[in-house]
Every structure is written in structure tokens, then in C-alpha cells.
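Engineer: Below: sequence and its predicted model.
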Amino acid sequence: MELDHQIGKEIHEKEQEAEHIKCKKLFIVVLKIWMNDEFRVPILLYLQRYLSLWRFIKTAMR
């Protein structure tokens, strides 16, 4: 019984570790994309367009 608990705990720790590594990798990929102007400029333009559209809708709703 105690052994099962220990094994379960270890598996849980390994899963958390794997999750952490996945998050780190994702963060690095996002950072690399962000550092690349080819990607960053369209993303910023898209965000700007989306925000202005959102403001327009909000003022129209009033």
C-alpha cells in the first residue's frame, strides 16, 4: 500500500516535470517567433486592427 503511494507520487512528480519542460519549450518557441520581425510585425498589425475594431464596436453599442 505504502509502495503504491510512493510510486504514484513519483509518477505525479515526473508528469509535473514533463509539463514544466513543455511549458519552457513553448515559451522559447514563442520568444523565437516574437524576436523574428517577419512574424512580429503582422501579429502587431493584427492586434492593432482587432483592438480598433473592438473600440468601434464598443462605441457603436453605446
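Structural biologist: Okay, I see it.
Engineer: And the helices in the chain, which stretches?
Structural biologist: With DSSP state H, the ranges of helices along the chain come out as 2-35, 37-61.
Engineer: got a markdown table for those, with mean pLDDT too?
Structural biologist: Converted to a markdown table, the helices of the chain look like this (pLDDT from 0 to 100):
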| stretch | mean pLDDT |
| --- | --- |
| helix 2-35 | 89 |
| helix 37-61 | 89 |
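Engineer: JSON lines please, covering those helices and showing mean neighbour count.
Structural biologist: To be clear about C-beta, it is placed using only N, CA and C from the backbone, and glycine gets the same treatment. JSON lines is the format used below for the helices of the chain (neighbours: other C-beta atoms under 10 Å):
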{"stretch": "helix 2-35", "mean neighbour count": "10"}
{"stretch": "helix 37-61", "mean neighbour count": "10"}
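Engineer: ok, for Arg40, nearest residue in space, not its chain neighbours?
Structural biologist: Nearest in space to Arg40, with sequence neighbours left out and distances taken as C-beta to C-beta, 6 or more residues apart in numbering, is Trp34 at 5.7 Å.
Engineer: Am I right that that neighbour is in contact with Leu44?
Structural biologist: No - shown here, Trp34 and Leu44 do not form a contact pair, counting by C-beta atoms under 8 Å, at 10.0 Å.
Engineer: Relative to Ile7, how far out is Leu47?
Structural biologist: Taking C-beta to C-beta, to the nearest Å as the measure, Leu47 falls 47 Å from Ile7.
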